[in-house]
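>>> Generate coordinates for the sequence data below:
(4 chains)
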Protein chains: 2
Amino acid sequence: MAADPLSRVFAALADPTRRDMVARLAVADATVGQLAGPYDVSVQAVSKHLRVLEDAGLVTRSRDAQRRPVHLEAEVLDLMTAWIERYRRQAEERYRRLDDVLASMPDGDTDTTTDTPTERGNPS
Amino acid sequence: MAADPLSRVFAALADPTRRDMVARLAVADATVGQLAGPYDVSVQAVSKHLRVLEDAGLVTRSRDAQRRPVHLEAEVLDLMTAWIERYRRQAEERYRRLDDVLASMPDGDTDTTTDTPTERGNPS
DNA sequence: CACGTCCTCAACCAACCGGTTGACAACAGC
DNA sequence: GCTGTTGTCAACCGGTTGGTTGAGGACGTG
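Below is the predicted model:
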């Protein structure tokens, strides 16, 4: 299994069935049987999906007689949001800076048409 | 291949190598060779990873002679953020509401110690 | 106690994934 | 026109994944 938590969370949500489960668990806790209802797969398959979500820390299972109520642990989602936002912001910032550079040289000083032999080779 | 875009993006970022590539591409565009440098895997493997990122819409590849500069398309990340935030918010709201209910009954009306036979069975 | 319900565990299977090697297309430069 | 560099395509391989069926554990109820 994937070692790092972030990979586990991303992988867990890469499956549409699992995403749908999370969506429904955001509304209310549910038992395995309740979760299995809408999908036409076996209860065992749903149980497996829950295991994946549990390993990713997205869900916890307790006991109530035979029932196993499933509860969404939404804080783990923040882990992902943090990662995503970091690089989205970084990329955004880079483009903004590039725009600034382009805006700051409106004259014909930059000859992009003729070739600039400097900066091309990639030694080392 | 996974049909829906969201699954593709999540699956693409479920791999630590691919996440690292995205992180580096957020700083600057890069060629396949440059990307492959740090990892001790073949260039072919990196090319495959890039294909996955490209299929997810996270990356575009252009041409410059033999080089294939890779460019990060950060907007796709918003797709994920939107999904995640939606359900994190929903779950958060639910817990907040539960807290309100608990807070609104500070008297001894709710006997959690003795058993409450109502609300337990789950018909239909 | 026997029985039905809810759920998990184990074994199996086809499909996919991440990696490899080998061949080769495209281009720059001698 | 060769040669080296850069990257992709194709075939293959072991491990994982998502699904199945079958067996059985735990619990409430007759």
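>>> And the pLDDT at A:Glu34?
If you look again at residue A:34, you'll see it is Gln, not Glu. We have a pLDDT of 93 for A:Gln34.
>>> From DNA strand C, how far off is it?
As judged by Cβ to the nearest atom of the strand, to the nearest Å, A:Gln34 and DNA strand C stand 7 Å apart. Every C-beta, even on glycine, is put in place using the N, C-alpha and C of the backbone.
>>> check which helix or strand covers that residue.
Per DSSP states H and E, A:Gln34 falls inside helix A:32-36.
>>> Can I get that helix in CSV, CA atoms only?
This file holds the C-alpha atoms of helix A:32-36, laid out as CSV (Å, rounded to 0.1, in the frame of the first residue of the first chain):
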residue,chain,number,x,y,z
VAL,A,32,-22.5,-0.4,5.7
GLY,A,33,-25.8,-1.7,4.5
GLN,A,34,-27.2,1.8,4.1
LEU,A,35,-24.2,2.9,2.1
ALA,A,36,-24.4,-0.2,-0.1
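>>> so what's A:Gln90 closest to, chain neighbours aside?
Leaving aside its chain neighbours, A:Gln90 sits nearest to B:Ala26 (4.2 Å; criterion: Cβ to Cβ, 6 or more residues apart in numbering or on different chains).
>>> can the helix or strand the one you found falls within be found next to DNA strand D?
According to DSSP H and E, B:Ala26 maps onto helix B:16-27. No: with Cβ under 7 Å from any atom of the strand as the criterion, DNA strand D is not reached by helix B:16-27; the gap is at least 12.2 Å.
>>> name the helices or strands packed onto that helix?
For helix B:16-27, the elements it packs on are helix A:5-13, helix A:76-103, helix B:5-13, helix B:32-36, helix B:43-55, strand B:70-72, judged by 3 or more Cβ pairs under 8 Å, 6 or more residues apart in numbering or on different chains; DSSP states H and E.
>>> A:Asp55 contacts A:Arg8, doesn't it?
Yes: counting by Cβ atoms under 8 Å, A:Asp55 does reach A:Arg8; the two are 6.0 Å apart.
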